[in-house]
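In: have a look at this prediction, sequence included:
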Protein chains: 2
Amino acid sequence: MTATPIKLVEVGPRDGLQNEQAVTTADKIQLVNDLTAAGVSYIETGSFVSPKWVPQMADSADVFAGIQRKSGVTYAALTPNLKGFEAALAASADEVAIFGAASEGFSQKNINCSIAESLERFAPVVEAARAADIRVRGYVSCVLGCPYDGEIAPEQVAWVAEKLHQMGCYEVSLGDTIGVGTPVKAQQMLAAVAAKVPMEQLALHFHNTYGQALANIASCLPMGVRTIDSAVAGLGGCPYARGASGNVASEDVVYMLQGMDYTTGIDLAALIRAGQRICSALGQQPRSNVAIAELAKQAS
Amino acid sequence: MTATPIKLVEVGPRDGLQNEQAVTTADKIQLVNDLTAAGVSYIETGSFVSPKWVPQMADSADVFAGIQRKSGVTYAALTPNLKGFEAALAASADEVAIFGAASEGFSQKNINCSIAESLERFAPVVEAARAADIRVRGYVSCVLGCPYDGEIAPEQVAWVAEKLHQMGCYEVSLGDTIGVGTPVKAQQMLAAVAAKVPMEQLALHFHNTYGQALANIASCLPMGVRTIDSAVAGLGGCPYARGASGNVASEDVVYMLQGMDYTTGIDLAALIRAGQRICSALGQQPRSNVAIAELAKQAS
C-alpha cells in the first residue's frame, strides 16, 4: 500500500486561541514558528475581524509580522469583510478565508445576517482576492448541528458549500462547530456536499466536544476526503458549553493518519512539543490524548 | 433503517476501578446500582483475584452481596483460577471471565507464564463453570500492541481467541490494553479473528490512551461486531502511561451508537449521572467528553 498524502490545516493559532484571554503576541508567534518547524504546511495564523468582536485577535498583524516564514508553508488569515481582507493583504497573508453558516439561526446570532446576506457580503472579498491573486478558503459552520436550530439537513450544508465554491472558494471546510456529529451523519453530510463540490476541494473541520471527531474523520476518510482541519493540543473551547473540548487535536489526527498509512509530512514529536509549549504559556494541560500519553510515558 | 441492538459490557466497576486506591465498597455498590438503573444490561462487577496482586478488588464478595440485582442484567466477575471461580460462584456471579494475552511478553510480565501455560491454567475454570452451568467470557489483551513486544500480528490474536473459543468461552473480548491501535489496524485484527471465531461471539474492548478508541469502534462496527466493552466516565488508567486515559467512556460510546441508529437500551442522562457520582467519590473529573459537554451545557 502506498501512503496517501493528507493536508493538515492547523487552526490552533486562530480558531484555537480566539477565545483565550491570556496569550501574548510573542506566544502566538512562537506557536506558529513551532508548528512550522514541526512540518505543518498550512497554518491559519490569525484573523482580521473587528477587535470589538474578537479582541484576542487584535494583534494578528503583529503575529504575521513576527513569524519566520518557511517556503512552501501557507500562512492564512480569516477575513470577514473587505476591510479585513485589506489588512490581511497588508500583513502578507498567503491566503484568506471567509465563513458562512449552514444554519440560519447560527448565521443570525453569529454574524447578524441571513445566510444569503452573508454570501452577498463575502462577494467583494472574493473579488478583491481574485484581483490580488490570493486564494480564498470557505468555511461552513454548524454542518452537523446548530445550538439554535438543532439538526441541519445535509442538503442545506451542500447548498451553502456549493454557493461558496461557485463564488470562487478553492476549498470548502465543513465545520462541526459544536462537535455533536456522529460517524454515519458525518458520512451522509459529506456525501451530500460532495455531490455539489468535488471531494478534493473539501475539508473536514470537526470539533471534539462530544468526543466524536476522530471517529467522524476515520469514517469519512474512505470516502476520499484529503484535507483535515485540527488544532494542536486540542486548543479552542466550545462557546456553547464552556469547559468542553474544542477542535480535534492535531496530534491525535496525525497519530491516527500515520497508523492508517497516510502521510502528513509532520513530525509528531515536534508537534507534541509545540502543543506543550503553548499550553504551558496558557497554564493548561494539552487536550490531546496522544500528547498526554506520550508525555506520561516519558515521565514514567 | 431499523435500529440494530448493540450489547454494551460495562467494565467500570472492575477494569475501571482496579487501579484506584480511594474507593469504598459502598461507592462500588452505588456505582453498580446506578449503572443498573441507567439500563446497562451487563456489568462486570468485580474480580476474584489474589488481594496480593489487586488489593483494590479484595472486597468483590461484599460488592456482589450489597448490590440490588435487576432481572435480565448480568453481573459478572473476573476469575483467573479455580479458587477465584469458587469465590465468584459463592458470590452468585452470573458469569465469569478469564483473560489471556496476545503477546508473550505481556503474558510473562502480567501473569508470569507463557500464553500456552495460561490457557492450560484456565481449562479447569472453564470445566468447573460448565459443571455449574455458568457462562465464561474470554479476554485477549494487547490485541493492537504490547508495551513489551510492540506490534502484534493479527494472526497471533486470532490464534489465542480461537483457543479461548474452543475451550468453551461463549464470547471473546479483544482488548487494546494500551490504547495504541488505529482504525485500519483494528479492522485488520478483527477480520483475522473473525475468520476463526464467529463475529457474533466477539467483543471490542478498546482503551482510549491515544484517543483512538471511538474511531476504532466506528471503523469496526460496519464489519458486524455487536458487543462493545466500555467504562462509565472513562474510568481506568493506563498502567504503562500514568495520567493517560483508560477505557473508552461508556457515555461517548452510547452517544455515538445512538447517533448511528444502534440501540443499547441505556438512558444516556442516567449514565452520565452514574459517572458523575463515582467521579465525585474519587475526586476526579469524568473522562467522558459527552459527560463534560452535557454537564457544562447544564451549568451555562
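Out: Nice, thanks for sending it over. Owing to the predicted nature of the structure, the values given are computational and were not obtained by experimental measurement. Numbers count the residues shown, from 1 in each chain, chains lettered A, B, ... in the order given.

In: show me what contacts residue A:160?
Out: By Cβ atoms under 8 Å, 6 or more residues apart in numbering or on different chains, the residues touching residue A:160 are A:100, A:101, A:102, A:115, A:119, A:140. Any C-beta I mention is one placed from the backbone N, CA and C, and that applies to glycine too.

In: average pLDDT for whichever helix or strand it is part of?
Out: Per DSSP states H and E, residue A:160 falls inside helix A:154-167. Per-residue pLDDT over helix A:154-167 has a mean of 98.

In: got the buried residues for that helix?
Out: Residues A:154, A:156, A:157, A:158, A:159, A:160, A:161, A:163, A:164, A:165, A:167 are the ones in helix A:154-167 that count as buried (16 or more other Cβ atoms under 10 Å in any protein chain shown).

In: quick check, nearest of the contacts of residue A:160 to residue A:278?
Out: Nearest to residue A:278 among those is residue A:140, at 27.1 Å by Cβ to Cβ.

In: just checking: what are the partner strands of the host helix or strand of that closest one?
Out: In this structure, residue A:140 sits in strand A:135-141 according to DSSP H and E. Strand pairing for strand A:135-141, determined by DSSP bridges: strand A:95-101 (parallel), strand A:171-176 (parallel).

In: where along the stretch 201-300 of chain A do the strands fall?
Out: A:202-206, A:227-230, A:262-263 (DSSP state E, counting those that start in this stretch).

In: which helices and strands does the first one pack with?
Out: Contacts of strand A:202-206 with other secondary structure elements, assessed using 3 or more Cβ pairs under 8 Å, 6 or more residues apart in numbering or on different chains; DSSP states H and E, are made with strand A:7-10, strand A:171-176, helix A:183-194, helix A:213-220, strand A:227-230.

In: ok, and what's touching the first one?
Out: Contact partners of strand A:7-10, identified using Cβ under 8 Å, 6+ apart, comprise A:35, A:40-44, A:173, A:203, A:205, A:226-232, A:250, A:253-254, A:264, A:266.

In: so for stretch A:233-249, what gets flagged as buried?
Out: So, applying 16+ other Cβ under 10 Å, buried residues of stretch A:233-249: A:233-238, A:240-241, A:244-249.

In: same check on stretch A:56-63?
Out: Buried residues in stretch A:56-63 (16+ other Cβ under 10 Å): A:56, A:57, A:58, A:59, A:60, A:61, A:63.

In: how long is it end to end?
Out: Chord length of stretch A:56-63, first to last residue, is 12 Å (Cα to Cα, to the nearest Å).

In: show residues contacting it.
Out: So stretch A:56-63 is contacted by A:13-14, A:17-21, A:23, A:25, A:28-29, A:32, A:45-49, A:51, A:77, A:87, A:90-91 (Cβ under 8 Å, 6+ apart).

In: so which of the residues you listed sit within helices?
Out: A:25, A:28, A:29, A:32, A:87, A:90 (DSSP state H).

In: so the fifth one touches residue A:48, yeah?
Out: Yes - proximity of residue A:87 to residue A:48 meets the contact threshold set by Cβ atoms under 8 Å, at 4.1 Å.

In: which residues do those two both contact?
Out: Common neighbours of residue A:87 and residue A:48 (Cβ under 8 Å, 6+ apart) are A:60, A:61, A:79.

In: which among those gets closest to chain B?
Out: residue A:60 (28.2 Å; Cβ to the nearest Cβ).

In: nearest spatial neighbour of that closest one, skipping sequence neighbours?
Out: residue A:46 (3.0 Å; Cβ to Cβ, 6 or more residues apart in numbering or on different chains).
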